[in-house]
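Okay, structure incoming, though there's no sequence with it:
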DNA sequence: CTCTATTAGTAACATGTGTTACTAACTGGC
DNA sequence: GCCAGTTAGTAACACATGTTACTAATAGAG
């Protein structure tokens, strides 16, 4: 190796590994999503709306890594399938979002598969390692999230 | 909660957290990539080619989560910028890929930033936690990768 | 040799995603 | 009340990405 040349092993690079692993997981789950005709943004919207009744689109954007445009698209698509209902609120710019019965049924089926998958992940990790892993995840989320907020100010 | 309704907290869902965290990291690094006019696929190609002299595009595809079309596009773009050179081989379908001097220089600068970022990640994790985290990553990669290969057979 | 099956790479199309800019609606100061 | 500034949501555009199908080249069976 000449002077100044960087040695670099992509396989040992953490951001790369995180992205690839996240992608592997998404692909696994893709079967569950796609089987119900759900995209990932749509699934995220359903997940947020299922927890809080009558949320607004902006709340979904605040609770997920989607911008308001992505939420808008997902909601429009979900409404077309009659899985979500929009109703007017006092603030006429805002629509309250709710699951329809059918939307709730779809969400329940996918959530069931998602929870099974989550269990598989936990089982794959030897007991004792799992806790450390999730703690480390939280630490990194906090470290990077903070850095990002600071940079935006 | 009515009968059969799933309780589901997106923030505690590991695939979601992995994807979001990977994305946060990519955004951090985006400054480094974009500062040099590099996209992520291009960066991956540079990283693979920097390690092995005269690899073929198919090898890049085999070593990364990119399909051959993604590699083709990244290589075409890198060649236009004169950061990669293609030379013919005995098999006339295949081109041997190599970094140009300028390509090597760009790669070295970005790799330097990437390694600094990697160090930041390690420093963010309390000593003792870091090893467990990377071991857990490897376990999950193996578990999911295998499942995926099986499914494809 | 030669004919079929496979492989490397790309073109063309469809789809998804990010970005900017806009409209309608609201808020708060005056 | 009224106007400047802000917010919710969407439209329109550019760009990136995935998918399918194709071409050229090679390998391998017979």
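Right, received. Where do you want to start? What you are looking at is a predicted structure, and each value in this text was computed from that prediction instead of being measured.

For stretch A:133-148, buried residues please.
For stretch A:133-148, the neighbour count (16 or more other Cβ atoms under 10 Å in any protein chain shown) marks A:133, A:134, A:136, A:137, A:139, A:140, A:143, A:144 as buried. C-beta coordinates here come from the backbone N, C-alpha and C atoms, glycine included.

Buried by neighbour count: which residues of the helix or strand containing residue A:61 qualify?
Residue A:61 is located in helix A:57-63, with elements delineated by DSSP states H and E. By 16+ other Cβ under 10 Å, the buried positions in helix A:57-63 come out as A:57, A:59, A:60, A:61, A:63.

Which residues does the first helix or strand past that helix going along the chain contact?
Once helix A:57-63 ends, the next helix or strand along the chain (criterion: DSSP H and E) is helix A:68-80. With Cβ atoms under 8 Å, 6 or more residues apart in numbering or on different chains as the contact definition, helix A:68-80 has outside contacts at A:39, A:41-42, A:44-46, A:57-58, A:60-61, A:64, A:66, A:84-86, A:97, A:103.

Generate a PyMOL selection restricted to the buried subset of those residues.
Buried residues among the contacts of helix A:68-80 (16+ other Cβ under 10 Å), as a PyMOL selection:
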select buried, chain A and resi 41+42+44+45+46+57+60+61+64+66+84+85+86+97+103
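
Adding distance to DNA strand C, write the buried residues of helix A:57-63 out as JSON lines.
Output for the buried residues of helix A:57-63, formatted as JSON lines (distance: Cβ to the nearest atom of the strand, whole Å):
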{"residue": "A:57", "distance to DNA strand C": "13"}
{"residue": "A:59", "distance to DNA strand C": "16"}
{"residue": "A:60", "distance to DNA strand C": "14"}
{"residue": "A:61", "distance to DNA strand C": "11"}
{"residue": "A:63", "distance to DNA strand C": "16"}
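
What parts of chain A come near DNA strand C?
Within chain A, the residues that sit near DNA strand C (Cβ under 7 Å from any atom of the strand) are A:39, A:40, A:41, A:66, A:67, A:69, A:70, A:73, A:90, A:91, A:92, A:93.

Can you flag the buried ones in those residues?
Taking 16+ other Cβ under 10 Å as the criterion, what is buried in those is A:40, A:41, A:66, A:70.

Would the helix or strand harbouring residue A:112 count as contacting chain B?
Assessed by DSSP H and E, residue A:112 sits inside helix A:101-124. Yes: judged by Cβ under 8 Å from any Cβ of the partner chain, helix A:101-124 and chain B are in contact via A:104, A:107, A:108, A:111, A:112, A:114, A:115, A:117, A:118, A:121, A:124.

Cool, thanks, signing off.
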